[in-house]
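Colleague: sequence first, then the predicted structure:
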Amino acid sequence: MTTEPILIWGAGAIGGTLGAYWARAGVPVLLVDIVADHVVACRTTGLAITGPVEDFRQVVPAVTPQELTGTYSRIVLAVKAGATEAALAALKPHLAADGFVLSAQNGLNEITIAKTVGEARTMGCFVNFGADWHGPGEILYGNRGAVVVGELNGAMSERVREMHRLLAIFEPDAVLTDNIYGYLWGKLAYGAMLFGTALTNDSMSANFADPQRLPVWLTLGREVGAVAAARGVTSLGFGEFDPAVFAPGAPDGPQVETIAWLADYTSKTAKTHSGIWRDLAVRKRKTEGQAQIGIISRLGREVGVATPALELLVSLIQDIEDGHRPMSLGTLKVLIEQCRSASTTA
Ligand SMILES: NC(=O)C1=CN([C@@H]2O[C@H](COP(=O)(O)OP(=O)(O)OC[C@H]3O[C@@H](n4cnc5c(N)ncnc54)[C@H](OP(=O)(O)O)[C@@H]3O)[C@@H](O)[C@H]2O)C=CC1
Ligand SMILES: CC(C)(CO)C(=O)C(=O)O
């Protein structure tokens with residue numbers, strides 16, 4: 001086995017959790033993060049992973065981008081999607097000529113990564129476990145969740161098999177796929193709904209359980225499903241979340257069961273609210289709205305698919321970011337009204 005560390009670029013909720021598990025298992029890891037006091041905590045007193053899955057503290061080697069030297073074959077990118085371009089600019093000089101960047105993020109970051117470092121140096125990954133960064137050296141690991149890895153072209157290469165083996169150290173049910181974009185689009189359908197839940201202060205579960213909000217989840221799911229289908233993507237899901245129920249022409253009925261399942265699934269995590277809610281309500285910072293959801297509308301326009309609910313969602317999120325609207329049922333109601341009238345005129 002190589003002794004070259006896996007570089008994890010962005011050591012917050014996702015990158016930090018992965019790094020702590022790998023380091024504990026003896027896999028060489030080096031965290032890179034811009035938060036200097038987090039970096040110091042990780043490499044000195046250690047990174048505390050807490051929550052219902054496991055509690056442990058692990059010292060993990062860590063540096064800031066300025067302290068990093070050398071080149072690396074395997075870089076796991078785990079910054080928020082809005083920071084992807086800046087992170088890529090900083091990491092590119094450290095990526096070996098025959099190395100790759102694996103995106104452990106939400107959204108379609110693989111497109112940006114491939115443009116920057118080349119498709120051959122990009123690997124796709126879908127992560128759906130729940131975690132929150134609580135402070136320097138402190139991460140809540142709220143629930144286990146799907147972890148899927150695959151080459152962008154679907155090849156079962158040696159390097160993707162190796163990353164699958166490594167990811168299985170963290171998540172024993174990790175999946176190796178030949179359709180990573182299918183999983184990423186499936187998560188976009190769920191992710192759009194998570195953005196909707198963040199318009200209020202209610203938990204993900206309370207949002208999904210409220211019948212008056214159902215038109216929103218169904219409309220968002222269907223808009224993402226329409227864009228995915230028009231682009232020739234076969235979307236894949238996790239648990240009982242099957243994005244195929246939101247595909248054009250899918251029979252009515254199973255969508256409602258899917259949302260009921262999401263209400264139950266999201267009630268079983270110590271991470272009660274999405275990362276988007278956390279950015280707005282706790283971190284008071286911009287979300288991944290444009291990078292993760294805005295891109296769906298842009299890709300939809302390219303293939304003639306309109307996405308009015310997704311566009312309204314992004315603008316409502318932006319209004320909250322800019323302090324022009326509160327996080328409240330009133331704000332969500334703007335979207336509920338549009339989705340209700342769309343379904344009655346359809
Ligand atoms: N948290 C979760 O449960 C889940 C998250 N995801 C996705 O995973 C990705 C990562 O999210 P998450 O781990 O929650 O985010 P976090 O904010 O917890 O972690 C990202 C870390 O990267 C740092 N960072 C930002 N820019 C750079 C940079 N240029 N170079 C190095 N480090 C940088 C951040 O610092 P700073 O905070 O100062 O910006 C932060 O410490 C996102 O795409 C998210 O949507 C997917 C599934 C679940
Ligand atoms: C809710 C979760 C953890 C997916 O399960 C997520 O992706 C997020 O917080 O953005």
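Modeller: Arrived safely, thanks for sending. Ligands and ions are numbered 1, 2, ... in the order given.
Colleague: mind checking how far Thr177 is from Val149?
Modeller: 7 Å (CB to CB, to the nearest Å). For glycine as for every other residue, the C-beta is placed from the backbone atoms N, C-alpha and C.
Colleague: more crowded one of these two?
Modeller: For Thr177 versus Val149, neighbours defined as other CB atoms under 10 Å are more numerous around Val149 (26 against 20).
Colleague: I'd assumed the more buried one was in a helix, is it?
Modeller: No: per DSSP: H, G, I helix; E, B strand; the rest coil, Val149 lies outside any helix segment and is strand.
Colleague: isn't it right next to Glu162, touching?
Modeller: No: assessed by CB atoms under 8 Å, Val149 is found out of contact with Glu162, at 9.9 Å.
Colleague: would you mind listing what in the protein touches ligand 2?
Modeller: Within the chain, the positions adjacent to ligand 2 are Asn106, Asn128, Gly130, Gly145, Leu194, Lys271, Ser274, Gly275, Ile276 by CB under 6 Å from any ligand atom.
Colleague: repeat that with 8 Å
Modeller: Contact residues (CB under 8 Å from any ligand atom) of the chain with ligand 2: 106, 127-131, 142-143, 145, 187, 190-191, 194, 204, 266, 269, 271, 273-278.
Colleague: keep the residues you listed, but drop any that are not near ligand 1.
Modeller: 106, 127-131, 142, 145, 187, 191, 271, 274-276, 278.
Colleague: which one of these is nearest to ligand 1?
Modeller: Proximity of these to ligand 1 (CB to the nearest ligand atom) peaks at Asn106, which lies at 3.3 Å.
Colleague: got phi/psi on the closest one?
Modeller: Main-chain torsions, Asn106, degrees, to the nearest 10: phi -90, psi 150.
Colleague: and it, what is it in contact with?
Modeller: Ala81, Val127, Lys187, Gly191, Gly275, Glu288, Gln292 (CB atoms under 8 Å, 6 or more residues apart in numbering).
Colleague: can you list contacts of stretch 251-270?
Modeller: So stretch 251-270 is in contact with 51-52, 130, 140, 142-143, 190, 193, 203-205, 208-209, 214, 217-218, 221-222, 239-242, 245-246, 272, going by CB under 8 Å, 6+ apart.
Colleague: restricted to buried residues, select those in ChimeraX.
Modeller: The buried residues among the contacts of stretch 251-270 can be selected in ChimeraX (16 or more other CB atoms under 10 Å) with this line:
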select :51,130,140,142,143,190,193,203,204,205,208,209,214,217,218,221,222,241,242,245,246,272
